[in-house]
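*Asks:* sequence and predicted structure below; questions after.
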Amino acid sequence: MLRTMCKGKIHRATVTEARLDYTGSITIGEELMLAADIRPHELVHINSMANAVHWETYAIPGKRGEICLNGCPARLFQPGDQVIILSLAHYEESELATFAQKVVFVDDRNAIVPIETQLVPA
(Lines give C-alpha, C1' and ligand atoms only; values in the text may rest on other atoms or scores of the structure.)
Protein backbone atom coordinates (compact mmCIF):
# COMPACT_ATOMS: atom_id res chain seq x y z
CA MET A 1 0.00 0.00 0.00
CA LEU A 2 1.21 3.49 -0.80
CA ARG A 3 0.75 6.36 1.64
CA THR A 4 0.73 10.00 0.59
CA MET A 5 3.01 11.95 2.90
CA CYS A 6 4.09 15.58 3.14
CA LYS A 7 7.79 15.37 2.30
CA GLY A 8 8.53 19.09 2.28
CA LYS A 9 6.89 22.23 3.60
CA ILE A 10 7.64 25.95 3.42
CA HIS A 11 5.82 27.43 6.41
CA ARG A 12 4.31 30.92 6.31
CA ALA A 13 6.10 32.28 3.27
CA THR A 14 5.07 35.76 2.16
CA VAL A 15 3.73 36.20 -1.36
CA THR A 16 5.95 38.74 -3.13
CA GLU A 17 4.07 38.98 -6.42
CA ALA A 18 0.96 37.78 -8.26
CA ARG A 19 1.02 37.83 -12.07
CA LEU A 20 -2.28 37.12 -13.77
CA ASP A 21 -0.80 37.41 -17.27
CA TYR A 22 1.57 34.43 -16.81
CA THR A 23 0.73 30.92 -18.04
CA GLY A 24 0.52 29.34 -14.59
CA SER A 25 2.61 27.88 -11.76
CA ILE A 26 4.19 29.26 -8.61
CA THR A 27 7.66 30.79 -8.69
CA ILE A 28 9.59 29.91 -5.54
CA GLY A 29 13.08 31.09 -4.64
CA GLU A 30 15.50 28.36 -5.62
CA GLU A 31 17.02 28.22 -2.13
CA LEU A 32 13.57 27.55 -0.64
CA MET A 33 12.87 24.82 -3.18
CA LEU A 34 16.14 23.08 -2.38
CA ALA A 35 15.59 23.37 1.37
CA ALA A 36 12.07 21.89 1.13
CA ASP A 37 13.07 19.19 -1.39
CA ILE A 38 10.87 20.61 -4.16
CA ARG A 39 12.07 20.01 -7.72
CA PRO A 40 11.31 22.22 -10.73
CA HIS A 41 7.89 21.38 -12.22
CA GLU A 42 6.89 19.31 -9.19
CA LEU A 43 3.25 19.52 -8.13
CA VAL A 44 2.80 21.58 -4.95
CA HIS A 45 -0.14 22.59 -2.80
CA ILE A 46 -0.46 26.22 -1.70
CA ASN A 47 -2.66 27.18 1.25
CA SER A 48 -3.49 30.79 2.09
CA MET A 49 -3.36 31.90 5.71
CA ALA A 50 -5.50 34.94 4.73
CA ASN A 51 -8.54 33.21 3.29
CA ALA A 52 -8.02 29.41 3.51
CA VAL A 53 -7.81 29.07 -0.28
CA HIS A 54 -6.11 25.88 -1.45
CA TRP A 55 -4.47 25.70 -4.88
CA GLU A 56 -2.42 23.06 -6.68
CA THR A 57 0.12 23.91 -9.35
CA TYR A 58 3.71 23.22 -10.31
CA ALA A 59 6.79 24.95 -8.93
CA ILE A 60 9.40 26.81 -10.95
CA PRO A 61 12.62 28.20 -9.47
CA GLY A 62 12.95 31.93 -8.98
CA LYS A 63 15.22 34.45 -7.40
CA ARG A 64 16.08 34.50 -3.69
CA GLY A 65 13.03 35.03 -1.47
CA GLU A 66 10.55 35.09 -4.37
CA ILE A 67 7.06 33.65 -3.98
CA CYS A 68 4.97 34.56 -7.02
CA LEU A 69 1.59 33.11 -7.94
CA ASN A 70 1.24 32.99 -11.71
CA GLY A 71 -1.90 32.79 -13.83
CA CYS A 72 -5.29 31.97 -12.29
CA PRO A 73 -4.20 31.86 -8.63
CA ALA A 74 -3.07 35.49 -8.93
CA ARG A 75 -6.73 36.32 -8.26
CA LEU A 76 -6.67 34.34 -5.01
CA PHE A 77 -3.24 35.15 -3.53
CA GLN A 78 -1.94 38.70 -3.22
CA PRO A 79 1.43 40.19 -2.28
CA GLY A 80 1.77 40.25 1.48
CA ASP A 81 -0.38 37.13 2.01
CA GLN A 82 1.21 34.35 4.00
CA VAL A 83 1.08 30.87 2.49
CA ILE A 84 2.04 27.33 3.35
CA ILE A 85 3.53 25.40 0.45
CA LEU A 86 3.39 21.61 0.65
CA SER A 87 5.16 18.97 -1.42
CA LEU A 88 3.63 15.50 -1.23
CA ALA A 89 4.97 12.09 -2.27
CA HIS A 90 3.86 8.46 -2.22
CA TYR A 91 5.76 6.04 -0.02
CA GLU A 92 5.63 2.33 0.57
CA GLU A 93 4.90 1.36 4.16
CA SER A 94 8.45 -0.02 4.47
CA GLU A 95 9.94 3.38 3.52
CA LEU A 96 8.23 5.16 6.41
CA ALA A 97 10.71 3.81 8.97
CA THR A 98 13.31 6.21 7.53
CA PHE A 99 10.98 8.91 6.20
CA ALA A 100 11.56 12.45 7.47
CA GLN A 101 9.66 15.57 6.51
CA LYS A 102 11.57 18.81 5.92
CA VAL A 103 9.86 21.90 7.35
CA VAL A 104 11.37 25.19 6.20
CA PHE A 105 10.54 28.17 8.38
CA VAL A 106 11.04 31.63 6.91
CA ASP A 107 11.02 35.22 8.14
CA ASP A 108 8.90 38.03 6.68
CA ARG A 109 11.37 38.38 3.75
CA ASN A 110 11.27 34.63 2.99
CA ALA A 111 14.79 34.09 4.29
CA ILE A 112 15.24 30.66 5.82
CA VAL A 113 15.25 30.81 9.60
CA PRO A 114 15.52 27.18 10.75
CA ILE A 115 14.90 23.96 8.86
CA GLU A 116 13.45 21.16 10.92
CA THR A 117 13.44 17.50 10.03
CA GLN A 118 10.47 15.71 11.52
CA LEU A 119 10.45 11.93 11.71
CA VAL A 120 7.23 9.98 11.40
CA PRO A 121 6.35 8.24 14.67
CA ALA A 122 6.12 4.47 14.41
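*Replies:* Thanks, I have it.
*Asks:* burial measure for L20, as a count.
*Replies:* L20 has 11 neighbours, counted by other CB atoms under 10 Å. Yep, even glycine has a C-beta here, placed from its N, CA and C like the rest.
*Asks:* contacts only, for the closest residue in space to it that isn't next to it in sequence.
*Replies:* Taking CB to CB, 6 or more residues apart in numbering as the measure, L20 lies nearest to A74, with 4.1 Å between them; neighbours along the chain are not counted. For A74, the contacting residues are A18, R19, L20, Y22, taking CB atoms under 8 Å, 6 or more residues apart in numbering as the criterion.
*Asks:* just say helix, strand or coil for A74.
*Replies:* Following DSSP: H, G, I helix; E, B strand; the rest coil, A74 is assigned to helix.
*Asks:* related to what we said a few turns ago, of the contacts of A74, which belong to helices?
*Replies:* With helices identified by DSSP state H, none of the entries of these belong to them.
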